[in-house]
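**Student:** model this:
(one chain, ligands or ions: 1)
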Amino acid sequence: MMSAMKKYLLVIVVAVLGCIVLLVGGSLDNDPLKSAGVVLVLSTLVLEIIFLRCPNCRRWLGRKFRPGKHCPHCGEIIE
Ligand SMILES: [Zn+2]
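**Tutor:** Residues are numbered from 1 along each chain as shown. Coordinates of the predicted model:
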């Protein structure tokens, strides 16, 4: 079981990776790279929805949530 911090970091890593691939693909005008970048960036949105959930009430914590804070729905502290 991954901690919320690890999941959160994974989302950030994929987002940064996606932006880099997108930028490199754009500067090289390489369509497969650009597509891969778009897929990575879009997958961060899916990862956020899957990962950023409260382990107690299972509700989505929202895009502004940061690990170490309380769940906005039930008040459970998310580590
Ligand atoms: Zn909760």
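
**Student:** So residue 72, which state does it fall into?
**Tutor:** coil (DSSP: H, G, I helix; E, B strand; the rest coil).

**Student:** close enough to count as contact, it and residue 60?
**Tutor:** No - Residue 72 is beyond contact range of residue 60, at 9.7 Å (criterion: Cβ atoms under 8 Å). C-beta: built from backbone N, CA, C; applies to glycine.

**Student:** quick check, the helix or strand hosting residue 12 touching the ion?
**Tutor:** Using DSSP states H and E, residue 12 maps to helix 4-28. No - Helix 4-28 stays out of contact with the ion when judged by Cβ under 5 Å from the ion, the minimum separation being 11.4 Å.

**Student:** List the contacts of that helix.
**Tutor:** 2, 30-41, 43-44, 47-48, 51-52, 55, 66-68, 78-79 (Cβ atoms under 8 Å, 6 or more residues apart in numbering).

**Student:** and if you look at stretch 61-69?
**Tutor:** 3-5, 8, 48, 52-54, 71-72, 77-79.

**Student:** Any idea how far apart the tips of that stretch sit?
**Tutor:** In stretch 61-69, first residue to last residue: 10 Å (Cα to Cα, to the nearest Å).

**Student:** hmm, it touching the ion?
**Tutor:** No - using Cβ under 5 Å from the ion, stretch 61-69 stays clear of the ion, with a minimum separation of 7.7 Å.

**Student:** Now that stretch: buried residues?
**Tutor:** For stretch 61-69, burial by neighbour count (16 or more other Cβ atoms under 10 Å) applies to 61, 65, 67.

**Student:** One more: stretch 46-64?
**Tutor:** So, applying 16+ other Cβ under 10 Å, buried residues of stretch 46-64: 47-48, 51-54, 61.
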